[in-house]
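# Sequence and predicted structure below; questions after.
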Amino acid sequence: MDTSGPIHPRWRNLTCDILAMVARIRHRHHVFVTEDRHFLDRREALIAPGARNVLTPEHTLQRVKSRYRLSVICQSMLSLPPRGSIITT
């Protein structure tokens, strides 16, 4: 690789990807969202140092939706009167 000229786009992409992953691990973020196969194919190796979750945008959206549904269900259950109580209006 020629290092005397401008920064090669592939090198810049790799460097930015690594810095993004290091930041996620360092700040203990729960999810690293990417479409990059290099990260997705090495998901298990990245989880060991603390990456927690390496997900595609689609999987991230599914997870958020399922947690939202669960949250709504829990909130509605908490707002119900206790079992066996008499409801008066």
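All right, it came through fine.
# can you pull out the helices in this structure?
Along the chain, counting by DSSP state H, helices occupy 9-26, 37-41, 43-46, 57-79.
# Format those as CSV; extra columns: mean neighbour count and mean pLDDT.
Quick note: C-beta positions are derived from backbone N, CA and C, even for glycine. Formatted as CSV, those follow (neighbours: other Cβ atoms under 10 Å; pLDDT from 0 to 100):
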stretch, mean neighbour count, mean pLDDT
helix 9-26, 12, 86
helix 37-41, 13, 88
helix 43-46, 13, 85
helix 57-79, 10, 75
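# wait, what's in contact with the most centrally placed residue in the chain?
Nearest residue to the geometric centre of the chain (Cα atoms, centre = their mean): Val31, 2.2 Å. Contact analysis of Val31 by Cβ atoms under 8 Å, 6 or more residues apart in numbering lists Arg52, Asn53, Val54, Leu55, Thr60, Arg63.
# ok, now how distant is the closest residue to it other than its chain neighbours from Arg28?
Among residues not flanking Val31 along the chain, Asn53 sits closest, at 4.6 Å (Cβ to Cβ, 6 or more residues apart in numbering). To Arg28, Asn53 is 12 Å away according to Cβ to Cβ, to the nearest Å.
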